[in-house]
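A.B. asks: Build me a structure from this.
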Amino acid sequence: MVSKVLDQQKKDNWLRLLRSGDHGAFARFIDKYKETVFLCCRRLGLSEDEAEDVASETFMAAYKGLQRYRGQAELSTWLWSIAYRRAVSYLRKNRKQLQLEAEPDEFLQAGSSQEQGPAAAIQGEETDKIVWNAVERLPKLWAMAIILYYREEKSIIEIAKIMQTKENTIKTYLFRARQKLKKALAPALGEDVDVGG
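C.D. replies: Prediction:
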């Protein structure tokens with residue numbers, strides 16, 4: 001109980017510093033969340049240069065919007081939401097065709113090119129690499145939902161807010177992505193693959 005109170009006081013103090021325009025606090029904010037913002041941008045298909053532009057816009061928007069942040073969502077969820085909207089806006093503005101969803105038939109099985117057998121593949125980092133490579137091949141919105149749910153540990157409600165869609169849509173994305181991953185990972189990790197549920 002005491003540690004939760006102290007953690008909340010720390011968060012409140014940090015938020016107060018951010019809102020006051022403290023440059024050191026904002027530099028720590030950027031440092032803490034830059035990988036998260038870049039992950040969002042890259043997941044939506046932005047190049048490294050485009051991701052840098054969108055990340056800059058995201059952090060500028062966050063800096064300007066901190067006064068309006070009410071804490072109804074976690075700070076990381078709020079920032080994901082900004083990054084997601086900025087990246088989608090960038091894609092719409094700068095590309096003729098916004099391709100947020102690939103056709104599921106274009107999905108390539110992650111394990112089809114693997115030389116290793118299941119026993120060698122099921123070893124910590126190698127397994128993670130295989131799984132996340134498979135996630136990268138999912139349709140973009142499905143992959144974004146998987147990344148937010150499993151890697152960023154966001155709730156379905158938070159993901160729906162970030163992706164500006166309904167909770168049931170997110171549940172559908174997660175269900176379909178799990179099914180596709182289970183099918184794709186079976187050759188690399190063995191037939192008894194269990195991908196979340």
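A.B. asks: contacts and neighbour counts: CA atoms only from here.
C.D. replies: OK.
A.B. asks: where does Val88 sit relative to Met60, distance-wise?
C.D. replies: 16 Å (C-alpha to C-alpha, to the nearest Å).
A.B. asks: So for the two, which sits in the more crowded spot?
C.D. replies: The residue with more neighbours, out of Val88 and Met60, is Val88; 19 against 11, by other C-alpha atoms under 10 Å.
A.B. asks: any idea how far the more buried one lies from Asp53?
C.D. replies: With C-alpha to C-alpha as the criterion, Val88 and Asp53 are 13 Å apart.
A.B. asks: Next: Phe175.
C.D. replies: 33 Å.
A.B. asks: and Val37, how many neighbours does it have?
C.D. replies: 26.
A.B. asks: Where do the domain boundaries of the chain fall?
C.D. replies: 2-94, 104-189 (automatic domain parsing).
A.B. asks: Format these as JSON lines; extra columns: mean pLDDT.
C.D. replies: Shown next, in JSON lines, are the domains of the chain (pLDDT from 0 to 100):
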{"stretch": "domain 2-94", "mean pLDDT": "85"}
{"stretch": "domain 104-189", "mean pLDDT": "75"}
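A.B. asks: Kindly export stretch 147-158 (C-alpha atoms) in CSV.
C.D. replies: What follows is stretch 147-158, C-alpha atoms only, in CSV (Å, rounded to 0.1, in the frame of the first residue of the first chain):
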residue,chain,number,x,y,z
ILE,A,147,2.3,-5.6,-30.1
LEU,A,148,0.2,-3.4,-27.9
TYR,A,149,-1.4,-6.3,-26.0
TYR,A,150,1.7,-8.5,-25.5
ARG,A,151,4.7,-6.3,-25.8
GLU,A,152,3.3,-3.1,-24.4
GLU,A,153,0.9,-4.9,-22.0
LYS,A,154,-2.0,-2.6,-22.8
SER,A,155,-5.6,-3.6,-22.1
ILE,A,156,-8.2,-4.1,-24.9
ILE,A,157,-9.8,-0.8,-23.8
GLU,A,158,-6.5,1.0,-24.0
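A.B. asks: list the buried ones in it?
C.D. replies: Across stretch 147-158, burial judged by 16 or more other C-alpha atoms under 10 Å covers Ile147, Leu148, Tyr149, Lys154, Ile156, Glu158.
A.B. asks: before we move on, what about stretch 165-179?
C.D. replies: In stretch 165-179, counting by 16+ other C-alpha under 10 Å, buried: Glu167, Ile170, Lys171, Tyr173, Leu174, Phe175, Ala177, Arg178, Gln179.
A.B. asks: With stretch 47-66 instead?
C.D. replies: Across stretch 47-66, burial judged by 16+ other C-alpha under 10 Å covers Glu50, Ala51, Glu52, Asp53, Val54, Ala55, Ser56, Glu57, Thr58, Phe59, Ala62, Leu66.
A.B. asks: before we move on, back to that, in helices, which of the buried residues of stretch 165-179 appear?
C.D. replies: Per DSSP state H, helices hold the following members of the buried residues of stretch 165-179: Glu167, Ile170, Lys171, Tyr173, Leu174, Phe175, Ala177, Arg178, Gln179.
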